[in-house]
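> After the sequence you'll find the predicted model.
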Amino acid sequence: MAKDYLLPDLKDARKRNRELSQKVHFSYDPSYEGMGDGLCYYIITHGCQANQRDSETMAGILDALGYVSTEDETKADVIIINTCAVRQGAEEKVFGEIGALKRLKMNKPELIIGIGGCMCQEEETVKILLDKYRQVDIIFGTHNIGSLPKMLHDVYATRQRRVEVFSKMGDIVEDLPVTRFMSHKAWVNIMYGCDKFCTYCIVPYTRGKERSRYKEDILLEVEQLIGQGYKEICLLGQNVNAYGKDLSDEYGFADLLNDVSATGIDRIRFMTSHPWDFNERMIQAIKQNDNIMPYIHLPIQSGSSRILKKMNRRYSKEEYFALFDKLKQELPGYAFTTDIIVGFPDETDQDFQDTLEAVDHCRYDNAYTFIYSRRKGTPAAEFPDATPQEVKEARLQELNKKVAYYANLNNQRFAGQIVEVLVDGLSKRNSHTYSGYTPENKLVNFTGTDIRTGEIVKVKITEVLSFSLNGIAVE
Ligand code: SAM
Ligand code: SF4
């Protein structure tokens, strides 16, 4: 293939300026209309909620072009893998999947395989895809989803591979089509990118600078979702508390919470909050609006101030505790969860003990725990790290035991209680049982009759487990 593309560059992706991000409107050449008539697509999604929301955009674009989604990848004419670069494990899984698609492509040469998302923002990955995975036809970055129609068109027209990955700070693209994967709960992006540059994390490089959507666009989306019967929205951003800081006015996340609450939607969640930007006005907004759910995810990452400094988290253990204790006191009955990384370069036994103590202090409802994964191009990738992998794995296990202990302890408060569950549908594990979530984001599996997805039903809790509750519908 003639080299008519630029490889991504993590150094370029690091650049930041204070300019307002451009708002651009999605459109495509009208001659592409009907390009997918009679053809099927299949999307595989890895990673965080932002990726799930991006896959809904990819699905929306493909539907608009006439393609139809299929659950059977062998029937697909276009297969897209939306990738995650946060940890090595996720990347290896994707390479395995692409490898497995080779056979499908051999049986069906006209199949188009597209790889998108965060992995494609990494120079190394794109080189590997180009050199070793000839079955891949399209490589597109997180800033290039809107180019899917043109890229598909070009592959059909030229039978050449296409690469489009911009290493830029990013725009705010509005009017992208969306096909939501759920009919009762929706992700709503309120901002994109991240400027925090935690030393272990690849996200600021793969997703560009922190940039907020205009409140009018967000509120319009929420109103439309209400009109379509949605019961719950989750406001999404890598650090939602920083919402609006890049826009010129004084309007911030607390104001947005108040305005979204005023739309009257049943349930509002938000994710993720960085402890650094959590302010008093936000606490008051959360407290005063009943439709903001009593659940806060507040990543701590480590309980050692020494490690937090090396992580560039911008708070010490004491500052995190001060915020956490204040939230606990002002928001009684709320559930709190966190993210924790073990085995960060040079983490000592004492540092790890500090993390265990932090879990004892905060008694989280749950924690998402990870072993540190080296991400090339990030500062921590260059930090010396003598801790053997077995030690890191043992630390993770010890941590997980403690997390499970407090998860179970916290769940005990629901024993015998009647809780309100937004129903997701039949349980994945048991076809006679429904599942859904309480306002505190507790997973409930329950029995009942005539239950519909998207209903909010009252359920009596009959059994408490560490990471879920069991019950019986009472209405
Ligand atoms: N912006 C969110 C925040 O700061 O909470 C997090 C986004 S990141 C996709 C989700 C979690 O992945 C982080 O909170 C962190 O615990 C974990 N993570 C990120 N980079 C990692 C790495 N290199 N190794 C292990 N875990 C990592
Ligand atoms: Fe990554 Fe830190 Fe940004 Fe979260 S706040 S996305 S962990 S750099």
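Structure's in. What do you need? Ligands and ions are numbered 1, 2, ... in the order given.

> who's in contact with residue 205?
10, 13, 14, 121, 122, 377, 378 (Cβ atoms under 8 Å, 6 or more residues apart in numbering). C-beta: built from backbone N, CA, C; applies to glycine.

> Save those residues as TSV, and put in neighbour count, pLDDT and secondary structure too.
Formatted as TSV, the contacts of residue 205 follow (neighbours: other Cβ atoms under 10 Å; pLDDT from 0 to 100; DSSP: H, G, I helix; E, B strand; the rest coil):
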residue	neighbour count	pLDDT	secondary structure
10	19	88	helix
13	27	89	helix
14	15	88	helix
121	29	94	helix
122	27	94	coil
377	19	94	coil
378	20	97	coil
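
> Now tabulate these in a markdown table and tack on distance to residue 203.
Listed next are the contacts of residue 205 as a markdown table, based on distance: Cβ to Cβ, whole Å:
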| residue | distance to residue 203 |
| --- | --- |
| 10 | 12 |
| 13 | 10 |
| 14 | 12 |
| 121 | 10 |
| 122 | 12 |
| 377 | 12 |
| 378 | 10 |
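
> where's the residue lying closest to residue 363 once chain neighbours are set aside, which helix or strand?
What sits nearest to residue 363 in space, not counting adjacent residues and going by Cβ to Cβ, 6 or more residues apart in numbering, is residue 406, at 4.7 Å. Assessed by DSSP states H and E, residue 406 sits inside helix 389-411.

> buried set for that helix?
392, 395, 396, 399, 402, 403, 406, 407, 410, 411 (16 or more other Cβ atoms under 10 Å).

> which residues does the closest residue to the second one other than its chain neighbours contact?
Meaning residue 395. Nearest residue to residue 395, sequence neighbours excluded (Cβ to Cβ, 6+ apart): residue 342, at 4.5 Å. Going by Cβ under 8 Å, 6+ apart, residue 342 touches 352, 355, 369, 370, 371, 372, 392, 395, 396, 399.

> Please list the residues of the stretch 251-400 of the chain that sit near ligand 2.
residue 274 (Cβ under 6 Å from any ligand atom).

> On the pLDDT front, check the residue in the stretch 251-400 of the chain that ligand 2 sits nearest to for me.
Ligand 2 sits closest to residue 274 of the stretch 251-400 of the chain, with a gap of 5.1 Å, by Cβ to the nearest ligand atom. Looking at residue 274, its pLDDT is 95.

> Run through the residues that contact it.
By Cβ under 8 Å, 6+ apart, the contact set of residue 274 is 196, 239, 241, 242, 299.

> Now do the closest residue to residue 149 other than its chain neighbours against ligand 2, distance only.
Leaving aside its chain neighbours, residue 149 sits nearest to residue 28 (3.9 Å; criterion: Cβ to Cβ, 6+ apart). Distance of residue 28 to ligand 2, given as Cβ to the nearest ligand atom, to the nearest Å: 30 Å.

> burial count for residue 28?
As a burial measure, residue 28 scores 19 neighbours (other Cβ atoms under 10 Å).

> and it, how far is that from residue 34?
Between residue 28 and residue 34 the computed distance is 12 Å (Cβ to Cβ, to the nearest Å).

> one step back: closest one of the contacts of residue 205 to ligand 2?
For these, the nearest to ligand 2 is residue 378 (8.9 Å; Cβ to the nearest ligand atom).

> Give me the contact list for the lowest-mean-pLDDT helix or strand in the chain.
Of all helical and strand segments in the chain, the minimum by mean pLDDT, DSSP states H and E falls on helix 10-14, at a mean of 88. Contacting residues not belonging to helix 10-14 are listed as 121, 122, 123, 167, 168, 197, 204, 205, 206, 208, 377 [Cβ under 8 Å, 6+ apart].

> quick one: it near ligand 1?
No - shown here: helix 10-14 not in contact with ligand 1 (Cβ under 6 Å from any ligand atom), separated by at least 13.9 Å.

> what's downstream of that helix, the next helix or strand?
strand 23-25.

> So for that next one, what gets flagged as buried?
Residues of strand 23-25 classed as buried by neighbour count (16+ other Cβ under 10 Å): none.

> What mean pLDDT does it get?
93.

> cool, and stretch 174-189?
Stretch 174-189 comes out at a mean pLDDT of 97.

> State the phi and psi torsions of residue 357.
The phi/psi pair for residue 357 (degrees, to the nearest 10) reads phi -70, psi -30.

> Give the closest residue to it in space, chain neighbours not counted.
Per Cβ to Cβ, 6+ apart, closest to residue 357 is residue 303, 5.8 Å.

> mind listing the helices in the stretch 101-250 of the chain by residue range?
In the stretch 101-250 of the chain, helices defined by DSSP state H, counting those that start in this stretch lie at 123-132, 148-158, 203-207, 215-227, listed in chain order.

> I'd like these written out as a markdown table, with mean pLDDT and distance to residue 113 added.
Output for the helices of the stretch 101-250 of the chain, formatted as a markdown table (pLDDT from 0 to 100; distance: least, Cβ to Cβ, whole Å):
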| stretch | mean pLDDT | distance to residue 113 |
| --- | --- | --- |
| helix 123-132 | 94 | 10 |
| helix 148-158 | 96 | 10 |
| helix 203-207 | 94 | 21 |
| helix 215-227 | 98 | 31 |
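
> possible to save those helices as CSV with distance to ligand 2?
Shown next, in CSV, are the helices of the stretch 101-250 of the chain (distance: least, Cβ to the nearest ligand atom, whole Å):
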stretch, distance to ligand 2
helix 123-132, 18
helix 148-158, 25
helix 203-207, 4
helix 215-227, 20
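
> need these in TSV with distance to residue 469, can you?
Putting those into TSV (distance: least, Cβ to Cβ, whole Å) gives the following:
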stretch	distance to residue 469
helix 123-132	41
helix 148-158	41
helix 203-207	32
helix 215-227	27
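
> Residue 356 is in contact with the residue nearest to residue 357, correct?
Yes - using Cβ atoms under 8 Å, residue 303 is in contact with residue 356, at 7.1 Å.

> Compare these two (neighbour count), which wins?
Regarding residue 303 and residue 356, a neighbour count based on other Cβ under 10 Å identifies residue 303 as having more, with 23 against 18.

> what about the more buried one, distance to residue 375?
In terms of Cβ to Cβ, residue 303 sits 22 Å off from residue 375.

> what does the stretch 101-250 of the chain put close to ligand 2?
With Cβ under 6 Å from any ligand atom as the criterion, the stretch 101-250 of the chain meets ligand 2 at residues 194, 196, 197, 198, 201, 203, 204, 238, 239.

> and these, which are buried?
194, 196, 198, 201, 203, 204, 238, 239.
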